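**Student:** Structure here, sequence nowhere to be found:
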C-alpha cells in the first residue's frame, strides 16, 4: 500500500546518500529485492519505446544528477568546515598560551623548559647521542 511505498522511498533515499558523494546510484530494483520488497508493486516496468516512459526516465536521471551534485558539494563543504574549525581552535589555543591565559602544556604538573639561543652546545650533544 501507500505506507509500503513511502517506507521504500525513504529507505531508498537514505541508501543513496553516500553513493551520491561519488556520483553513484544504487539501482532501485536491486535495493527492493535486497530488502525483500514487492518489486512489481513498487516500481514500474516501462517499455523503452513509450515516449512518456522515456520522458519519465530522463526526469529520474536529472533528479539523480541533481542529488549527486548537491550531496557532493555538501560533503566537500562539511570537510572544509571541519578543517576550518580545527584551524580556528588551534589558533585560539596559541593566542591563549601567548597571552598567558592557558598553560603551554596541560595534564602534567611539572615540566622543564630549556630556553636557549639558536645554537647550543647541549643541543648538538643531544643530537649526536
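**Tutor:** Thanks, I have it. What you see is a predicted model; the values in this text were computed from it and never measured.
**Student:** I'd like to know which elements the one helix or strand residue 74 maps to is packed against.
**Tutor:** Under the criterion of DSSP states H and E, residue 74 resides in helix 51-98. Packing partners of helix 51-98 (3 or more C-beta pairs under 8 Å, 6 or more residues apart in numbering; DSSP states H and E): helix 17-21. In short, each C-beta sits where N, CA and C put it, glycine included.
**Student:** how far out from the middle of the chain is whichever helix or strand comes after the helix holding residue 74?
**Tutor:** Reading on from helix 51-98 to the C-terminus, the next helix or strand found by DSSP H and E is helix 121-128. Centroid separation for helix 121-128 versus its chain: 46 Å, with C-alpha atoms, centre = their mean, to the nearest Å.
**Student:** What of stretch 76-95?
**Tutor:** Relative to its chain's centre, stretch 76-95 lies at 16 Å (C-alpha atoms, centre = their mean).
**Student:** give me the number of residues near residue 37?
**Tutor:** 20 (other C-beta atoms under 10 Å).
**Student:** Was I right to think it contacts residue 4?
**Tutor:** Yes. The criterion here is C-beta atoms under 8 Å, and residue 37 meets it with residue 4 at 7.2 Å.
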